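# can you look at this prediction? I've put the sequence above it.
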Protein chains: 2
Amino acid sequence: MNTTGQTRKEEIIKTAAKLFKEKGYSAVTMRDLAKALNMKAASLYNHIDSKQDLLKTIIISLAEEFTRGMETIKSSDVSIIDKLRAIVSLHVNITIHNTYGMASLNNDWMHLEDQLEYYLSLRKNYEEDFVEIIKSGIEAREIRDSNPEIIMFSILTTLRSLYLWLPKKDDLNREELAKNLGDVLINGINHQSITE
Amino acid sequence: MNTTGQTRKEEIIKTAAKLFKEKGYSAVTMRDLAKALNMKAASLYNHIDSKQDLLKTIIISLAEEFTRGMETIKSSDVSIIDKLRAIVSLHVNITIHNTYGMASLNNDWMHLEDQLEYYLSLRKNYEEDFVEIIKSGIEAREIRDSNPEIIMFSILTTLRSLYLWLPKKDDLNREELAKNLGDVLINGINHQSITE
DNA sequence: CATGTAGACTAACGGTTGTTAGTTAGTTGC
DNA sequence: GCAACTAACTAACAACCGTTAGTCTACATG
């Protein structure tokens, strides 16, 4: 530990995520990363195993965080609309505390090697859970009857792109943003939505 | 011209866009591209100037297409809701006829060099026009009074992600998709939306 | 039949890539 | 005060990168 309360390894991972966001995994060299940390490329290997390992750490930890969040939401005993609001909050919260990593999760997952299959299974399960919630909401007449996949896709792509947009809006706090976004994303599909 | 009705250069650009979509600009080598075309990397240079030039061609032509589309929509004399529906159709149409290129537009624009500034200005103008349409819709009480930037962001990120999702849904035709998507994206913010 | 051109090829270039080996200075624990 | 550990360094590696030069073949045009 140092004065900032994070180990050198955590510092490297965080800086890597930042650079990966700006230029993408493939365009960032180990020498770029080292320079951003005021060290030489070879020294990085005192802390990490490989460049590939950096990407794996960044992406998998985030993907598992989403999976855990979805499990909690699935098994919670609230209305469908509240479950959707909880999903919005889940994305807002994770994106706020790891904006950089979200870029890799969205754009560089295909450069995972050993962990690619595992990542894809997590993503598939997440999307299936999401679409199931929407379907049950349509059955319960809480959600208006449109194509469930289109609804899911529409909401999820917006949430996935939060990392691009959130840094520009740090005047909004977390709760405010989640509420605002929830209004726009959910009121539109809410069966009982009031328009006046 | 050959039997497929496209020049070799066009074939190279199209294949490049396909590979850029799968792995990103930086991760695709000229040898990868050549192999996908059953030729050697050096032979590519009988048709193109550079790798950078491929990216420029793919991205700038698409960005200009969006700009032209927005100009037409801006100056058209229809309701705000119909303008939004026209924007949805613009994205669906362009994405259908150039799914691969849309990936580069979304993910690899930062690797433009000489044309980066020009691209950013096109994007900025597009987003400003978009948000202006939404603001005037709120004033005209055609759109419900939420944060215009959040509404724009929410719609635009969904439209920008169409390239990921459209290939999985080629059972839907163009008009059907544009209508479905328009319903989900626009009814949600429509001030006069009817929920029953 | 001669000539020009389109489009492929091989070979090679200078630079960059991720990574390893081996070394060294500073700090910690006994 | 010596040993062990941490974390930096220099030097170098083999592989790969985008690109150029120069050559060869097939075909169209006169």
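Here it is on my side, so go on. Numbering: from 1, shown residues only, chains lettered A, B, ... in the order given.

# just the CA trace of the helix or strand containing residue A:164, in PDB.
Per DSSP states H and E: residue A:164 is located in helix A:162-165. This file holds the C-alpha atoms of helix A:162-165, laid out as PDB (Å, rounded to 0.1, in the frame of the first residue of the first chain):
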ATOM      1  CA  LEU A 162     -23.200   5.400 -20.100                       C
ATOM      2  CA  TYR A 163     -19.500   5.400 -19.700                       C
ATOM      3  CA  LEU A 164     -19.200   7.700 -22.700                       C
ATOM      4  CA  TRP A 165     -21.600  10.200 -21.400                       C
END
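
# at the geometric centre of chain A, which residue sits there?
residue A:102 (4.9 Å; CA atoms, centre = their mean).

# if you average pLDDT over the helix holding residue A:164, what comes out?
The average pLDDT for helix A:162-165 rounds to 92.

# and stretch A:29-43, by the same measure?
97.

# that stretch and chain B, are they touching?
No. With CB under 8 Å from any CB of the partner chain as the criterion, chain B is not reached by stretch A:29-43; the gap is at least 10.2 Å. C-beta here means a position set from N, CA and C on the backbone, and glycine is covered the same way.

# how long is that stretch from one end to the other?
Criterion CA to CA, to the nearest Å; first-to-last residue distance in stretch A:29-43 is 14 Å.

# list the buried ones in that stretch?
Buried residues in stretch A:29-43, counted by 16 or more other CB atoms under 10 Å in any protein chain shown: A:30, A:32-34, A:37.

# then stretch A:83-95?
Buried-residue list, stretch A:83-95, by 16+ other CB under 10 Å: A:83-92, A:94-95.

# close to DNA strand D: what parts of chain A are there?
A:7-8, A:34, A:38-43, A:46-47 (CB under 7 Å from any atom of the strand).

# verify the contact between the residue nearest to the centre of chain A and residue A:95 for me.
Yes. Counting by CB atoms under 8 Å, residue A:102 does reach residue A:95; the two are 5.3 Å apart.

# now the residue nearest to the centre of chain A: closest residue in space that isn't a chain neighbour?
Among residues not flanking residue A:102 along the chain, residue A:163 sits closest, at 3.6 Å (CB to CB, 6 or more residues apart in numbering or on different chains).

# how much space between the one you found and DNA strand D?
According to CB to the nearest atom of the strand, to the nearest Å, residue A:163 and DNA strand D sit 27 Å apart.

# just residue A:14 next, same as before
Counting by CB to the nearest atom of the strand - residue A:14 and DNA strand D are separated by 14 Å.

# which SSE is the nearest residue to that residue once chain neighbours are set aside in?
Closest residue to residue A:14 apart from its sequence neighbours, by CB to CB, 6+ apart: residue A:100 at 7.0 Å. Residue A:100 belongs to helix A:99-107 when assigned by DSSP H and E.

# for that helix, packing partners?
The contact analysis (3 or more CB pairs under 8 Å, 6 or more residues apart in numbering or on different chains; DSSP states H and E) places helix A:99-107 against helix A:8-23, helix A:51-74, helix A:162-165.

# after that helix, which helix or strand is next? Please name it.
Heading C-terminal from helix A:99-107 (DSSP H and E), you reach helix A:116-139.
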